[in-house]
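K.L.:
Sharing a model that was predicted from the sequence below.
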Amino acid sequence: MLQNVTRLCHTKNMVTVNGKFPGPRIVAREGDRLLIQVANHVQNNISIHWHGIRQLRSGWADGPAYITQCPIQTGQSYVYNYTIVGQRGTLWWHAHISWLRSTLYGPLIILPKLGTPYPFVKPYKEESGSMQIQRQSLTRQCKQVEVPNVSDAYTINGLPGPLYNCSAKDTFKLKVKPGKTYLLRLINAALNDELFFSIANHTFTVVEADAVYVKPFDTKTLLIAPGQTTNVLLKDQTPPPKCQIFHDC
């Protein structure tokens, strides 16, 4: 559906899923069969790609328009039907036609089977994060060469952060408790750009990449390519406040 979204003091009319930007989160477990109905209520043809899913005997549900399926036309709907086999972690879904991927996307979280623990310390809390550069879906002509419109800002979960004009309140904030470990699910939803991710004065542990567990390793900076996903463990390392005389800590 078309939805007015305001960022950086500007309101733009963009194609969204259920009026949300980024789109809704899908949560499943390894081994689940997913039936997802997509109804097209806009004038553009639409198809949805389940990025990173191993489409075993379900290639027709992969989503690339004009490759594995005809796009969903205006007023029509299509049911994607596939089973998640041998994968767990963080992936994502996005439009796979024209440049609609710039606004049509969202996280696809795959939990382990019931009764199966994580192969790393159980986090205190899990947080889904999407790193993305918001680009318009149209191109323009510049000396007879098509180039993308220049983006206004990089965003996290669709919010540009406090470093831009008119964005003091448009910031994603994660509240943490001292000493607790958090699982961050990172998605680079950029169209073309590699992005670096870091948290000031913190080291985090990489435990998964593209829905596959990896041997954990520590780093202060992570490079995430377009379309790539990864899970990291973050332990709050903020020093506790010092006790003062005659006051309890």
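P.N.:
That came in fine, so what should we check first? Numbering: from 1, shown residues only.

K.L.:
Residue 78: which element?
P.N.:
Taking DSSP states H and E as the definition, one finds residue 78 inside strand 77-83.

K.L.:
After that strand, which helix or strand is next? Please name it.
P.N.:
By DSSP H and E, the next helix or strand past strand 77-83 is strand 89-95.

K.L.:
shaky segments in the chain?
P.N.:
Judged against pLDDT under 70, the low-scoring parts of the chain cover residues 129-150, 238-249.

K.L.:
if you set the cut-off to 50 instead, what comes out?
P.N.:
Along the chain, segments meeting pLDDT under 50 span 132-145, 244-249.

K.L.:
what's in contact with stretch 66-77?
P.N.:
37-47, 59-63, 65, 78, 97 (C-beta atoms under 8 Å, 6 or more residues apart in numbering). Where C-beta positions appear, they are placed from N, C-alpha and C, glycine not excepted.

K.L.:
Please apply the same query to stretch 41-51.
P.N.:
Contacts of stretch 41-51 (C-beta under 8 Å, 6+ apart): 1-2, 15, 36, 38, 40, 61-65, 69, 71-75, 80, 82, 91-98, 100, 104, 108, 227, 229.

K.L.:
out of these, which are inside strands?
P.N.:
Counting by DSSP state E, these place 2, 15, 36, 38, 80, 82, 91-95, 108, 229 in strands.

K.L.:
Select only the buried ones of those in ChimeraX?
P.N.:
Buried residues within the ones in strands among the contacts of stretch 41-51, by 16 or more other C-beta atoms under 10 Å, are selected in ChimeraX with:
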select :15,38,80,82,91,92,93,94,95,108,229
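
K.L.:
Now render the ones in strands among the contacts of stretch 41-51 as a markdown table, adding distance to residue 120.
P.N.:
Listed next are those as a markdown table, based on distance: C-beta to C-beta, whole Å:
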| residue | distance to residue 120 |
| --- | --- |
| 2 | 42 |
| 15 | 38 |
| 36 | 29 |
| 38 | 34 |
| 80 | 31 |
| 82 | 27 |
| 91 | 19 |
| 92 | 21 |
| 93 | 25 |
| 94 | 28 |
| 95 | 33 |
| 108 | 21 |
| 229 | 17 |
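
K.L.:
tell me the contacts of residue 224?
P.N.:
Contacts of residue 224 by C-beta under 8 Å, 6+ apart are 131, 186, 188, 194, 195, 196, 197, 230.

K.L.:
one more time with 6 Å, if that's ok
P.N.:
188, 195, 197 (C-beta atoms under 6 Å, 6 or more residues apart in numbering).

K.L.:
Out of those residues, which comes closest to residue 123?
P.N.:
residue 197 (17.3 Å; C-beta to C-beta).

K.L.:
what number of residues lie near residue 30?
P.N.:
18 (other C-beta atoms under 10 Å).

K.L.:
if I look at it, how far off is residue 116?
P.N.:
As judged by C-beta to C-beta, to the nearest Å, residue 30 and residue 116 stand 8 Å apart.

K.L.:
Could you do residue 5 as well?
P.N.:
From residue 5 to residue 116 the distance is 38 Å (C-beta to C-beta).

K.L.:
okay, the two: which has more neighbours?
P.N.:
Legend: neighbour count by other C-beta under 10 Å for residue 5 and residue 116, higher for residue 5 (16 against 12).

K.L.:
secondary structure class for the more buried one?
P.N.:
With DSSP: H, G, I helix; E, B strand; the rest coil as the basis, residue 5 sits in strand.

K.L.:
so it bridges to which residues?
P.N.:
Counting by DSSP bridges, residue 5 forms beta bridges with residue 12.

K.L.:
Wait, it touches residue 21, no?
P.N.:
Yes. Here residue 5 reaches residue 21: they are 5.1 Å apart, a contact under C-beta atoms under 6 Å.
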